[in-house]
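Chemist: Quick one, what's the 3D model for this:
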Amino acid sequence: MSLSRQEYDLAMEKALKALELSADDPSLKVKALSSIVNIDIMTSRDEDAWEKALQAEEIAREHGLKKDLCVALIAKAKLCSYAEISPETGRNEEGLGYIQEALAIARELKDAELEAEASIITGTFYVSFNRWSDPIDKDLYRTAGEWLDRGEAIADSVGIERLRRNALLVRYRWFQQGGRNEEALAYFAKAREEVSPEDHYMASALADRLVRLYVRVGDPQSALGAHDDYVREIIRYMTQKSDETISEMETRFKLQEKELEIARRGYKNSILILVILLSVAIIFILTSYLLRARRRNAELQKINETKEQIIDVLSRDLKNPAGAYASALDQLSADALQLTPQEIRQRCQDVAKDARTINQDVANYVGDILIERSKRIADIGLSKREVEIIRLTSDGMTAAQIAEHLYISVHTVNTHRQHIYSKMKVKNLNELLRKAAELGIV
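Modeler: Numbering: from 1, shown residues only. Alright, predicted model coming up:
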């Protein structure tokens, strides 16, 4: 349910919990791994998905779990198909090998759903073989169509809408390669009529493809009409998702209210005893705190001139960030990750020599801070490029803007982000930025 409603974080949490509980059950373990693979694929964490798919395949082969093996092979084939963003990155031959083994297993098990999915993915690979060909290979093109026909027929026979969707989207690329715009128009117009009234996502996807096809055949009026349909379905889809989210929040709130009411009734007497114990504990804590506060006040009165100067330096740094020593410290902070502790201390000493308002003790203090920060970042294993992407992200840049700024692809930026999430052990952007701030990266 969580996955179907695109609540990926919640779905991943449940899948990881299932994996944790499946230590002694190979069948349950491989199913949990397959769930994680699907979530990783949907959230573009391809490297993590590949690693988990390999684990699932190994367990399934070891314990003779044929259906689970078929699922793992299909996942590996999908990931191979996603790799072809250029002729050099293509893994179609490798992926075709995985999907052919999966297809054989599905037929052996007489599992129509797996056979339909494997057939559609096989057709996808044959379409991909022609992706960079001009002109296309007609034999490959014909073979792709046959596999898509087969997959669609099986999917229709067992009523699996998910697979029907996948076939439709691949079919568009197939029509495009063959230059069969008129046939494609008829095909997608019919599909648009048959789509469920509640399936606004699929309706918007089909309308989008009809817009392109009408443009290709030189019918701008129909293209405008299809575009209006596309906008209307997108708005309905967003409204639908919003309503689902609100409903989910209301359900959770009611559940939490019930749990709180049960807790209040069950622990009423315990709370009274706890209040008494807490009162005694608070008196003890306050007494200890007052004693520590007295000692702390005495220590605060003995603050030396070096610490006072640190405050003065930082204050003027905020007021005059263009000052010579401020600029030097700022540059040193940026370079710290690439320097050794000895080099950091030497740079701090050089700053102290050139600035009248900062002495050697302050330089050593700043150097110790930078060294400690560098060690913490090094322990996590972040690369220079990953640190750079974190800082650009904290500046509010999107993946596309970062890619343009660094002259790399958006896919590469997303891959770096996946590595960053894994190394820093965070689940989302807010956690990432918070931890980066704690480490002094931003």
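Chemist: C-alpha from now on. contacts and neighbour counts both.
Modeler: Will do.
Chemist: which residues of this protein score low on pLDDT?
Modeler: Under the criterion pLDDT under 70, the flagged ranges of the chain are 1-8, 85, 244-245, 247-249, 251-253, 263, 266-268, 293, 296-338, 351-370.
Chemist: Show me what the strand or helix carrying Phe125 is packed up against.
Modeler: Taking DSSP states H and E as the definition, one finds Phe125 inside helix 112-129. Of the remaining helices and strands, those touching helix 112-129 by 3 or more C-alpha pairs under 8 Å, 6 or more residues apart in numbering; DSSP states H and E are helix 66-82, helix 92-109, helix 138-158, helix 161-178.
Chemist: Name the residues that touch that helix?
Modeler: 70-71, 74, 77-78, 81, 92, 95-96, 99-100, 102-103, 106-107, 140-141, 143-148, 150-152, 154-155, 158, 160, 163, 166-167, 170, 173-174 (C-alpha atoms under 8 Å, 6 or more residues apart in numbering).
Chemist: ok so, going back, so which of the helices and strands packed on helix 112-129 is nearest Ile344?
Modeler: Shortest separation from Ile344 across these is recorded for helix 66-82, at 43.9 Å, computed as C-alpha to C-alpha.
Chemist: Helix 92-109 and that closest one, what's the angle between them?
Modeler: Taking axes from the mean of the first three to the mean of the last three C-alpha atoms, to 10 degrees, one finds that helix 66-82 is oriented at 160 degrees with respect to helix 92-109.
Chemist: could I have helix 66-82 exported to CSV, CA atoms only?
Modeler: Only the C-alpha atoms of helix 66-82 are listed here, as CSV (Å, rounded to 0.1, in the frame of the first residue of the first chain):
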residue,chain,number,x,y,z
LYS,A,66,12.8,-20.2,-8.5
LYS,A,67,10.1,-17.6,-8.4
ASP,A,68,12.3,-15.3,-6.2
LEU,A,69,15.2,-15.9,-8.6
CYS,A,70,13.0,-14.9,-11.5
VAL,A,71,12.0,-11.7,-9.7
ALA,A,72,15.7,-10.9,-9.0
LEU,A,73,16.7,-11.5,-12.6
ILE,A,74,13.9,-9.2,-13.9
ALA,A,75,15.2,-6.5,-11.5
LYS,A,76,18.8,-6.9,-12.9
ALA,A,77,17.5,-6.7,-16.4
LYS,A,78,15.6,-3.5,-15.7
LEU,A,79,18.7,-1.9,-14.2
CYS,A,80,20.7,-2.9,-17.3
SER,A,81,18.1,-1.3,-19.5
TYR,A,82,18.3,2.0,-17.5
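Chemist: and it, what does it pack onto?
Modeler: Using 3+ C-alpha pairs under 8 Å, 6+ apart as the contact criterion, the elements in contact with helix 66-82 are helix 26-42, helix 46-62, helix 92-109, helix 112-129.
Chemist: Check which residues of the third one are buried.
Modeler: It stands for helix 92-109. Within helix 92-109, the residues that qualify as buried are Asn92, Gly95, Leu96, Tyr98, Ile99, Gln100, Ala102, Leu103, Ile105, Ala106, counting by 16 or more other C-alpha atoms under 10 Å.
Chemist: Likewise for stretch 9-16?
Modeler: Within stretch 9-16, the residues that qualify as buried are Ala11, Met12, Lys14, Ala15, Leu16, counting by 16+ other C-alpha under 10 Å.
Chemist: Stretch 29-46 too?
Modeler: The neighbour-count check on stretch 29-46 (16+ other C-alpha under 10 Å) flags 29-41, 44-46 as buried.
Chemist: Do I have it right that Arg376 meets Leu439?
Modeler: Yes: under the criterion of C-alpha atoms under 8 Å, Arg376 makes contact with Leu439 at 6.9 Å.
Chemist: gap between the longest helix seen in the chain and the chain center?
Modeler: When secondary structure is assigned using DSSP state H, the longest helix within the chain turns out to be helix 220-266. On the basis of C-alpha atoms, centre = their mean, to the nearest Å, helix 220-266 is displaced by 22 Å from the centre of the chain it belongs to.
Chemist: sorry, back to before: quick one: closest of the helices and strands packed on helix 112-129 to Tyr421.
Modeler: Put simply, out of those the one that sits nearest Tyr421 is helix 66-82, at 20.0 Å, with distance taken as C-alpha to C-alpha.
Chemist: ok, residues contacting that closest one?
Modeler: With C-alpha under 8 Å, 6+ apart as the criterion, helix 66-82 contacts 27, 30-31, 34, 37-38, 41, 46, 50, 53-54, 56-57, 60-61, 90-92, 94-96, 98-99, 101-103, 105-106, 109, 114, 118, 121, 124-125, 128.
Chemist: what do you get for stretch 379-397?
Modeler: By C-alpha under 8 Å, 6+ apart, the residues outside stretch 379-397 that reach it are 337, 399, 402, 413, 416-417, 420, 423-424, 433, 436, 441-442.
Chemist: Please identify which pair of the residues you listed lies farthest apart.
Modeler: It's Leu337 and Ala399 that sit farthest apart of the contacts of stretch 379-397, by C-alpha to C-alpha, at 23.3 Å.
Chemist: Which one's more surrounded, these two?
Modeler: It is Leu337, of Leu337 and Ala399, that has more neighbours when counted by other C-alpha atoms under 10 Å, with 22 against 19.
Chemist: Helix, strand, or coil at Val426?
Modeler: Val426 falls in the coil class when you classify it by DSSP: H, G, I helix; E, B strand; the rest coil.
Chemist: what about the residue nearest to it when sequence neighbours are not counted, which SS state?
Modeler: Of all residues beyond its chain neighbours, the one nearest Val426 is Leu432 (5.9 Å), with distances taken as C-alpha to C-alpha, 6 or more residues apart in numbering. Under the three-state scheme (three-state DSSP), the conformation of Leu432 reads as helix.
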